[in-house]
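> The sequence and its predicted three-dimensional model are supplied below.
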Number of protein chains: 2
Amino acid sequence: MSNSVLRALEILELLSKADRPMALTPIAEQLGIPKSTAHTILRALVSREFLVVSEHASYSIGLKAFEIGAAHLRSVSALDIVTPQLVELTHALGVTSHYAILDATDAVYLVKEDPPGLGIKLASSVGARLPAHVTAVGKASLAWLPEDEIAGHLPADVGTGPGSQLLDGFAEQLAKVRQQGFSVDDGDTAAGVRCIAAPVFNPAGPPGAIGVSYLLGSPLELDAAAAQVVQAAERSTAQLGKRTSR
Amino acid sequence: MSNSVLRALEILELLSKADRPMALTPIAEQLGIPKSTAHTILRALVSREFLVVSEHASYSIGLKAFEIGAAHLRSVSALDIVTPQLVELTHALGVTSHYAILDATDAVYLVKEDPPGLGIKLASSVGARLPAHVTAVGKASLAWLPEDEIAGHLPADVGTGPGSQLLDGFAEQLAKVRQQGFSVDDGDTAAGVRCIAAPVFNPAGPPGAIGVSYLLGSPLELDAAAAQVVQAAERSTAQLGKRTSR
DNA sequence: GAATGGCGTTCAGATATATGAACTTTCCGT
DNA sequence: ACGGAAAGTTCATATATCTGAACGCCATTC
């Protein structure tokens, strides 16, 4: 198979996970490819601006890669509908809101809306990938899936082996999420941050969820916030449903 | 040189510019590469989720490509400072705001903030690349560059050949932008849409600008809006200046 | 300031990839 | 449902890439 292409993609992935620019040698070592090969591939990536070379011959993700990635968002048709809902939600509650989708065992954050005001900024999370079962948006996405599909979206240590039986604790959590209509996460992902999420059902795309995040200790009531999140998610689902029927 | 890698990147670029999924044959024809080669490369790109195969064996940009691109944004340190300013600006004026940077002869849009309210949505523009000299953000980015650098950021037909002399009309436009402190664009980019932009000076990054867009005919006064845009841009510049001194 | 160590770069042969023709499958029109 | 055509897939060979060692460069240290 086309080895050099795969390696180029691995380099892009590696550099996207690293939050600092990396030099040739560490890249080559971490991926187990010879330095000279890595060098050739890096040159190709730089020539097309997928990577940029900073001082000290360190590489980081370039502007062209960003443009390519943005093109994916344009193909996620749900965004036209979900983004305005996030804007409204952030406007109404004054908190950060998100839209994330389920991909394999992870929740991937596609959109973030920050509230006005110079409060403490939550770390930027667009493009972030976190295990679905430990995030509010992930659990909301999972909870309404057909029972037999859920295990496939969990890492091996959460969905127990033979009968695809969920760990009891986690199955209970999902049941509670279904009963409430939303999922909550108090500090599991980031200490001191509460996340509340509700599912968005997109007939033409992967399962996903709308969520809000705010610091525990804020005066915002859980139930009041959750009601708004659920409403935004339901409105999104309704509009997505209409669209497919066209 | 590493041909297959370059071809893979060309395929990604092609698919990011196309707004519909493309099949193997058109991809191979447009890039002038044999079908079988294209097929091999496409398989590699799909296996790493940089592309997804939709029905009818059509390819489009995948989720992994989005994640990679998002990593670039994280490396654009100016965003931490500029994004909150955009949020404030959109909140204050109730209009869409942008941050764009200058890249070669183009302005590339990095961030967009939409206002709440169910008004007419401007087409999503994150990741968009437009010629700098026809956009408000582009002209604001260009206007304060050293005279001799400007021509390098213009397509051949705008910066006239020998003496790198700008076309008179355009040089005048830039002078007016400098004098006013902001640039305006009424419908040149999108019919009926006014854009106002002011420069953000980033010592540690490319020149860029903050801009707002709204429909002509809205009650918003040009001067009032421009004052706010300039203020947001100046605040960004001030904070970016502080940062570098650390 | 000279030496040293590390890192990036280059080069020629071993090896895997790119190619175009032939095959198979899918889709469309009759 | 059938036939035809176009698209996707496979395969053996010519060819370009990958490799590892040697080179040159820069930064750092004594």
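Cool, the structure landed.

> which residues does residue A:37 contact?
By C-beta atoms under 8 Å, 6 or more residues apart in numbering or on different chains, the contact set of residue A:37 is A:4, A:7, A:28. Backbone N, C-alpha and C define where each C-beta goes, glycine included.

> Please identify the one among these that lies nearest to residue A:206.
Looking at the contacts of residue A:37 and their distance to residue A:206, the nearest is residue A:7, at 28.1 Å (C-beta to C-beta).

> Run the chain-centre distance for whichever strand or helix holds the closest one.
Here residue A:7, judged by DSSP states H and E, is contained in helix A:3-17. Per C-alpha atoms, centre = their mean, to the nearest Å, the displacement of helix A:3-17 from the mean C-alpha position of its chain is 20 Å.

> ok, residues contacting the helix or strand following that helix?
Downstream of helix A:3-17, the first helix or strand assigned by DSSP H and E is strand A:22-23. Residues outside strand A:22-23 that contact it (C-beta under 8 Å, 6+ apart) are A:14, A:15, A:56, A:57, A:58, A:59, A:60.

> hmm, strand A:22-23 touching DNA strand D?
No. Judged by C-beta under 7 Å from any atom of the strand, strand A:22-23 makes no contact with DNA strand D; its nearest approach is 11.8 Å.

> Provide a list of residue ranges in chain A with pLDDT below threshold.
Within chain A, the stretches with pLDDT under 70 are A:118-122, A:158-168, A:244-246.

> is any part of the helix holding residue A:7 close to chain B?
Yes. Shown here: helix A:3-17 in contact with chain B (C-beta under 8 Å from any C-beta of the partner chain) through A:4, A:5, A:6, A:8, A:9, A:10, A:12, A:13, A:15, A:16, A:17.

> Show me which of the residues you listed are buried.
By neighbour count, with 16 or more other C-beta atoms under 10 Å in any protein chain shown, these hold A:4, A:5, A:6, A:8, A:9, A:10, A:12, A:13, A:15, A:16 as buried.

> now, which of those sits nearest DNA strand D?
The shortest approach to DNA strand D among these belongs to residue A:4, at 2.3 Å (C-beta to the nearest atom of the strand).

> Make sure the closest one is actually in contact with residue B:1.
No. Using C-beta atoms under 8 Å, residue A:4 is not in contact with residue B:1; the gap is 10.8 Å.

> got the buried residues for the helix ranked longest in chain A?
In chain A, with assignment by DSSP state H, the single longest helix is helix A:222-245. Neighbour counts over helix A:222-245 (16+ other C-beta under 10 Å) mark A:225-226, A:228-237, A:239-240 as buried.

> Distance to residue B:23 for the residues you listed - can I get that in TSV?
Output for the buried residues of helix A:222-245, formatted as TSV (distance: C-beta to C-beta, whole Å):
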residue	distance to residue B:23
A:225	46
A:226	45
A:228	43
A:229	40
A:230	41
A:231	41
A:232	37
A:233	35
A:234	37
A:235	36
A:236	31
A:237	32
A:239	30
A:240	27
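
> Lovely, talk soon.
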